[in-house]
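Peer 1: got a predicted structure here, sequence first:
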Amino acid sequence: MSEVHQHSHRAVRSKNLLFSIVLNIVITISQVIGGVLSGSLALLSDALHNFSDVISLVVSFFANKIAKKKASLNKTFGFKRAEIMAAFINSATLIIVAILLIIEAAERFQHPQKIESFLVIILSSVAIIGNGLSVLLLKKDSAHNMNMRSAYLHLITDMLASIAVLLGGLLIKYYQIYWIDSVLTLAIALYLIYVGYDLLKDSFKMLMLFTPDNVAVEELVEKINALKDVKSIHHIHIWQLNELETHLEAHIDFTRDLKVSEFESILTIIKQILHDDYEINHVTLQPEFDKSDDKNIIVQD
């Protein structure tokens, strides 16, 4: 049995998350007060989304901290999947919040209410500035970390929602179009579902240890089987531990009884193929010769 490790870790800045948490708590409280006083459902819905931002940022913050803990005898992988769990939870809350907003928008559309547009305009402007700053703080880390991307999506959708609320406030102030409040709420909700679904799907696939989308298993098998002295690679498992580590474990049957040094030479070639073509950076292979086991590519354990 041989293992190969080839991965790097990127540092995520927790202080940016912490600052965004404080900022969004302030925004949420101000929007709740303003929404109640103004009667604006869009402003209250934006406050609810901001509150979900606070929860998602707190989840992301602690997941980021926990993920850095070292492995131990009873936790051999450490907490490397904590951030994937956070991404799944955060994307799920995006969709739940969106469904609640759709229900509220439908009820309010049937019974439009007069709205104090001045408060809506002021508080939505404050939210745009606050969320815009948070988005800038998390943008860099969101490019390579699913957990940070889930928090970033919460913030950027809330910034866009606040822009929609501001536009609604202006239309109400100058044209008295009160039903626009419900329409904008519905638009915000549909957008939340749109951006949340992909992240929910990706994090779910990772948690379920599905084969990554960029790995064509049959093609991979053909490339390995074409190598000298390799009879077949089979009993394959491929999964992502997190965004930085993709694992492959398999049995590999040889045409002759190799020396350990010969196996190591072939293993180096295999490792390079897997890394360069499929971004697999953690390889465990069980060498075999003249063994009568199941030679199928996929074997249900």
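Peer 2: Thanks, I have it. Residues are numbered from 1 along each chain as shown.
Peer 1: who's in contact with the lengthiest strand in the chain?
Peer 2: Using DSSP state E to define each element, the chain has its longest strand at strand 230-240. By CB atoms under 8 Å, 6 or more residues apart in numbering, the residues outside strand 230-240 that reach it are 206, 209-212, 215, 217, 221, 224-225, 246-255, 266, 280, 285-286, 293-299. Every residue, glycine included, has its C-beta placed from N, CA and C.
Peer 1: so where do the helices sit in the chain?
Peer 2: Under the criterion DSSP state H, the chain contains helices at 14-38, 41-67, 82-110, 117-142, 146-175, 180-207, 217-225, 260-278.
Peer 1: can I get those in TSV with mean neighbour count?
Peer 2: Below are the helices of the chain laid out as TSV (neighbours: other CB atoms under 10 Å):
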stretch	mean neighbour count
helix 14-38	19
helix 41-67	24
helix 82-110	20
helix 117-142	20
helix 146-175	23
helix 180-207	20
helix 217-225	15
helix 260-278	15
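Peer 1: need the ones you listed in TSV with mean pLDDT, can you?
Peer 2: TSV is the format used below for those (pLDDT from 0 to 100):
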stretch	mean pLDDT
helix 14-38	85
helix 41-67	80
helix 82-110	84
helix 117-142	86
helix 146-175	83
helix 180-207	86
helix 217-225	97
helix 260-278	97
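Peer 1: okay, those helices in JSON lines with distance to T76 next?
Peer 2: Shown next, in JSON lines, are these (distance: least, CB to CB, whole Å):
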{"stretch": "helix 14-38", "distance to T76": "25"}
{"stretch": "helix 41-67", "distance to T76": "15"}
{"stretch": "helix 82-110", "distance to T76": "15"}
{"stretch": "helix 117-142", "distance to T76": "27"}
{"stretch": "helix 146-175", "distance to T76": "21"}
{"stretch": "helix 180-207", "distance to T76": "18"}
{"stretch": "helix 217-225", "distance to T76": "26"}
{"stretch": "helix 260-278", "distance to T76": "21"}
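Peer 1: go through those and name the closest to N242.
Peer 2: helix 82-110 (5.8 Å; CB to CB).
Peer 1: which strands or helices does the closest one pack on?
Peer 2: Packed against helix 82-110 by the contact rule (3 or more CB pairs under 8 Å, 6 or more residues apart in numbering; DSSP states H and E) you find helix 41-67, helix 146-175, helix 180-207.
Peer 1: including distance to V32, could the ones you listed go into JSON lines?
Peer 2: Converted to JSON lines, the helices and strands packed on helix 82-110 look like this (distance: least, CB to CB, whole Å):
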{"stretch": "helix 41-67", "distance to V32": "5"}
{"stretch": "helix 146-175", "distance to V32": "14"}
{"stretch": "helix 180-207", "distance to V32": "15"}
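Peer 1: these: which one's closest to E262?
Peer 2: Nearest of the helices and strands packed on helix 82-110 to E262, taken as CB to CB: helix 180-207 at 35.6 Å.
Peer 1: quick check: angle from that closest one to helix 82-110?
Peer 2: 160 degrees (axes from the mean of the first three to the mean of the last three CA atoms, to 10 degrees).
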